[in-house]
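Asks: Compute the structure for the input listed below.
(one chain, ligands or ions: 2)
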Amino acid sequence: MSLPAPSNDREKVVSKLPGWLRQNLKIRAAQYGIEIQTAVEQGIAHWCKLASSPAAIDTAGADSFSTFLPLGQWDEFRSLTTDRRVSLIQGLAQSVQLWLDANPAPDVARPAITRRIIVCNQKGGVGKTAITAGTGEAMAEDPETLHPVRVAKQLIAAGGEAESSLDVEKLPGLGLRVLLVDFDPQCHLTNQLGAAPLPITGDSLTNHMASDPKGDLRDLIVSIDDDAFGGRLHLLPACNDAFLLDVRLSAVRAREAALERALAPLEADYDVILVDCPPSLGLSMDAAAYYGRRRDSEKPGQSGALIVVQAEDSSADAYELLTTQIDDLRADLGVDIDYLGIVVNLYDSRRGYIATSSLQGWVDIKDPRVVGLIGDLKEQKEAVRVKQPLLSYAPKSQQAIGMRALAREI
Ligand SMILES: Nc1ncnc2c1ncn2[C@@H]1O[C@H](COP(=O)(O)OP(=O)(O)OP(=O)(O)O)[C@@H](O)[C@H]1O
Ligand SMILES: [Mg+2]
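Replies: Ligands and ions are numbered 1, 2, ... in the order given. A predicted model of the protein is given here:
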């Protein structure tokens, strides 16, 4: 059955496909960033060129499937199925399977150098920990599954909470191997993900940074287990001993490089390392910023500082202090530390002019640009309360959708 398609040179065709095949087609087309109709067109063209039909496919339970094909392709296909004595449904299923076989799942795009993302702001409670976790979760999601992602073109026009389904696209997960480093003695990230802070009598990141390790840092890492992350999301928990980090670092040679020395042995196991910084500007922040510096042969914008702010006036002063410290470090040590962007968190346009005008203020900075706008929504607080990753607790929430957009933006 075919219907003329409105306004182009394709016609609508309606047939049937088994659900599993339709799902595979949908995911694979999204992985290649092409439309389903293009994949079906290629599969049918391939099928038509074969000398005989390939192995039969189990089409039990096939149900309605429609797409748009170039004019005439379906008629040619139909007459060939008659010649080859297969049903249209069987022929279509074979065509789709041919396309899948010719276009295997693409490999995950891994960075050549492990990306180091330093999530910072000495202002407390702006959402550094929430953004570290959400971004890391989004980066680790399963590439063989589609997840809703906000694709609003205009951050501000969307008003912070893009409700329209038009603004949401289903995309494959990024499938990266992610290490979240809880670099805050408050242990919030550790607690929020349901892990236990490291006992103060044992080994810790602080010990490794102070050149006083008690074992292999790898042994302290825990996996955040959820099907969506497939064992790719790991956490280096914090320990209360980090409250003394600045004191212990003061005795260490080349202390800016202390975090780098400690984490370097882990880098081969990860595509991305995200560091959740404490709300302070001490030596530990220097070490974190230094760890995010651009390395030789690393492209700009891969590693660096991701600054979390709120849309309110007091955030602006904090921002000045932070960027001054990072700029000083750049100048003193002669290193490049890139700004990966500003995330405006806890945004609520209902707060009126203060919120909208200060969001505009962040956007006007332009460099770094605003790379994420996350609303003040209940799911984040709920996820923290139940100690679950946001993207597994509420994977379809506006917040999760925004975290995925942020992960792709940086
Ligand atoms: N987008 C959001 N919507 C709702 N609640 C949020 C959001 N982001 C963070 N929160 C909540 O706000 C509180 C502070 O967030 P978070 O701990 O991430 O901030 P922080 O900057 O890491 O704080 P600190 O400076 O203490 O490390 C937490 O209770 C968190 O659950
Ligand atoms: Mg925090």
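Asks: wait, what's in contact with E141?
Replies: Contact partners of E141, counting by CB atoms under 8 Å, 6 or more residues apart in numbering, are 147, 173-175, 228-229, 391, 404. In short, each C-beta sits where N, CA and C put it, glycine included.
Asks: so what's it closest to, chain neighbours aside?
Replies: G173 (3.0 Å; CB to CB, 6 or more residues apart in numbering).
Asks: Make sure that neighbour is actually in contact with P148.
Replies: No. If you go by CB atoms under 8 Å, G173 and P148 don't touch, sitting 11.3 Å apart.
Asks: Who has more neighbours out of those two?
Replies: Neighbour totals were compared for G173 and P148, and G173 leads with 25 against 19 (other CB atoms under 10 Å).
Asks: I'd like to know how many residues surround N121.
Replies: 28.
Asks: My error: substitute V149 in the last question.
Replies: 23.
Asks: How about the contacts made by the closest residue to ligand 2 within the chain?
Replies: Proximity to ligand 2, evaluated over the chain using CB to the ion, is greatest for T129 at 3.3 Å. The contact partners of T129, taken as CB under 8 Å, 6+ apart, are 184, 188-189, 192, 276.
Asks: and the helix or strand harbouring it, average pLDDT?
Replies: For T129, the host element (DSSP states H and E) is helix 128-140. What helix 128-140 shows for mean pLDDT is 97.
Asks: the domain parsing of this protein - what is it?
Replies: 2-102, 115-409 (automatic domain parsing).
Asks: Mean neighbour count, these: which tops it?
Replies: A comparison of the domains of the chain by mean neighbour count, using mean count of other CB atoms under 10 Å, puts domain 115-409 on top with a mean of 19.
Asks: Next, see if it gets close to ligand 1.
Replies: Yes. For domain 115-409, a contact with ligand 1 is found by CB under 6 Å from any ligand atom, at 124-130, 184, 186, 188, 279, 345-346, 374, 376-377, 380-381, 384, 399.
Asks: which residues in the stretch 51-200 of the chain form strands?
Replies: 63-70, 115-120, 146-150, 168-172, 178-182 (DSSP state E, counting those that start in this stretch).
Asks: partners of the second one in the sheet?
Replies: In this case it means strand 115-120. strand 272-276 (parallel), strand 304-310 (parallel) (DSSP bridges).
Asks: what angle do the last one and helix 128-140 make?
Replies: Using axes from the mean of the first three to the mean of the last three CA atoms, to 10 degrees, the interaxial angle of strand 304-310 with respect to helix 128-140 works out to 130 degrees.
Asks: Can you show me the strands along the stretch 201-350 of the chain?
Replies: Going by DSSP E, counting those that start in this stretch, the stretch 201-350 of the chain shows strands at 222-223, 233-236, 272-276, 304-310, 339-347.
Asks: How about the residues of this protein by ligand 2?
Replies: Residues of the chain lying near ligand 2 by CB under 5 Å from the ion: 128-129, 188.
Asks: so for the top helix by length along the chain, what's the average pLDDT?
Replies: Identified as the longest helix of the chain according to DSSP state H is helix 314-333. Averaged across helix 314-333, the pLDDT comes to 87.
Asks: ok now that helix, how far from the chain's centre?
Replies: Between the centre of helix 314-333 and the centre of its chain there are 26 Å (CA atoms, centre = their mean, to the nearest Å).
Asks: helices or strands up against it?
Replies: helix 283-291, strand 304-310, strand 339-347, helix 353-365 (3 or more CB pairs under 8 Å, 6 or more residues apart in numbering; DSSP states H and E).
Asks: could I get it in PDB with only the CA atoms?
Replies: The C-alpha coordinates for helix 314-333 follow below in PDB (Å, rounded to 0.1, in the frame of the first residue of the first chain):
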ATOM      1  CA  SER A 314      25.900  37.000  44.400                       C
ATOM      2  CA  SER A 315      27.200  34.400  41.900                       C
ATOM      3  CA  ALA A 316      28.900  37.000  39.800                       C
ATOM      4  CA  ASP A 317      31.400  38.000  42.600                       C
ATOM      5  CA  ALA A 318      32.300  34.400  43.200                       C
ATOM      6  CA  TYR A 319      32.900  33.900  39.500                       C
ATOM      7  CA  GLU A 320      35.300  36.800  39.400                       C
ATOM      8  CA  LEU A 321      37.300  35.400  42.300                       C
ATOM      9  CA  LEU A 322      37.500  31.900  40.700                       C
ATOM     10  CA  THR A 323      38.500  33.100  37.300                       C
ATOM     11  CA  THR A 324      41.100  35.400  38.800                       C
ATOM     12  CA  GLN A 325      42.700  32.400  40.600                       C
ATOM     13  CA  ILE A 326      42.700  30.300  37.500                       C
ATOM     14  CA  ASP A 327      44.100  33.200  35.400                       C
ATOM     15  CA  ASP A 328      46.900  33.700  38.000                       C
ATOM     16  CA  LEU A 329      47.700  30.100  37.900                       C
ATOM     17  CA  ARG A 330      47.900  30.100  34.100                       C
ATOM     18  CA  ALA A 331      50.300  33.100  34.200                       C
ATOM     19  CA  ASP A 332      52.400  31.900  37.100                       C
ATOM     20  CA  LEU A 333      53.000  28.400  35.700                       C
END
